[in-house]
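[1] Okay, here's the prediction I keep looking at, along with the sequence it came from:
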Amino acid sequence: MYDVEVTKIFSNIYQIRKNLGKDIADDIIIKLFEKDVLNIKNAELSYEFAKNIAGADIKAHEKVVIDSKDPKFNYWFVAYIEGADIEAHEKVVIESKDPEWNYNFASNAKCTDIKAHEKVVIDSKDLLYNFCFARDVEGADVLAHGKVIVDSKNLEYNVAFMLKIKGADIEAHKKAIIDTIANIKKFNKGYKYNRNGNDTGTCLVKILSLLNP
């Protein structure tokens, strides 16, 4: 019922806009739907309404989004809606402990507390967002993000971090790569060469060539 109600409102707004044009439609949409949209307390619907309907009650929709605790729509509200309460949305994102949206917030020029977002990402141990944070966020603690990658023993991310992140601890990543390769060899003594170059042995040779150019 909840999803059907949201979908119905989206559909009605689209039809009014299509038939009347944006300039005339927005005033009518506010009169017909804004109260219902706010009462539903759906973060996505309030975000879309605030973003797309001229004259919408931004602060009322913003409260819905903040109260929802949804990190994605709190980030989007700051990213795409002028006049958003940056600190309030940022607090929601930090408290969510979600590495994806903390990385996104930190990489946004409007971010006010990069270190708090960074701690969430580091503590999450998420390899992708630790790599991205070190790569994309100015002033990132590269060594701390690198340690997450090193400790993971993940071959792909250690190679990528070592080659692509300025300031990486090359020797630490090399050791992690070599140790991982040693374990792969230990448990794959019987691998055979493959013409397509996709077998374990060929991949290891390629990685070793990067370590010792």
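    Here it is on my side, so go on.

[2] Contacts for stretch 49-68 next, please.
    13, 22, 26-27, 29-30, 33-34, 37-38, 41-43, 46-47, 73-74, 77, 80-81, 83-85, 88-89, 92 (C-beta atoms under 8 Å, 6 or more residues apart in numbering). C-beta coordinates here come from the backbone N, C-alpha and C atoms, glycine included.

[3] I misspoke; the intended subject was stretch 8-26.
    I28, I29, L32, F33, D36, V37, I40, L45, E48, I53, A54, G55.

[4] Would you mark the buried spots in stretch 66-73?
    I66, S68, D70, P71, K72, F73 (16 or more other C-beta atoms under 10 Å).

[5] I'd like to know the average pLDDT value across that stretch.
    Mean pLDDT, computed over stretch 66-73, is 98.

[6] Just the terminal-to-terminal distance for it.
    End-to-end distance for stretch 66-73, by C-alpha to C-alpha, to the nearest Å: 9 Å.

[7] circling back to that earlier point, looking at the contacts of stretch 49-68, which are in helices?
    Among those, the members found in helices (DSSP state H) are 13, 22, 26-27, 29-30, 33-34, 37-38, 43, 46-47, 73-74, 77, 80, 88-89, 92.

[8] Only the buried subset of these, as a ChimeraX command please.
    In ChimeraX, a selection of the buried entries from these looks like this (16+ other C-beta under 10 Å):
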select :13,26,29,30,33,34,37,38,43,46,47,73,74,77,89,92
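
[9] give me the low-pLDDT residue ranges for the protein?
    1-3, 185-213 (pLDDT under 70).

[10] Which helix or strand contains the most centrally placed residue in the chain?
    By C-alpha atoms, centre = their mean, the chain has its centre lying nearest to E100, at 2.9 Å. Using DSSP states H and E, E100 maps to helix 99-106.
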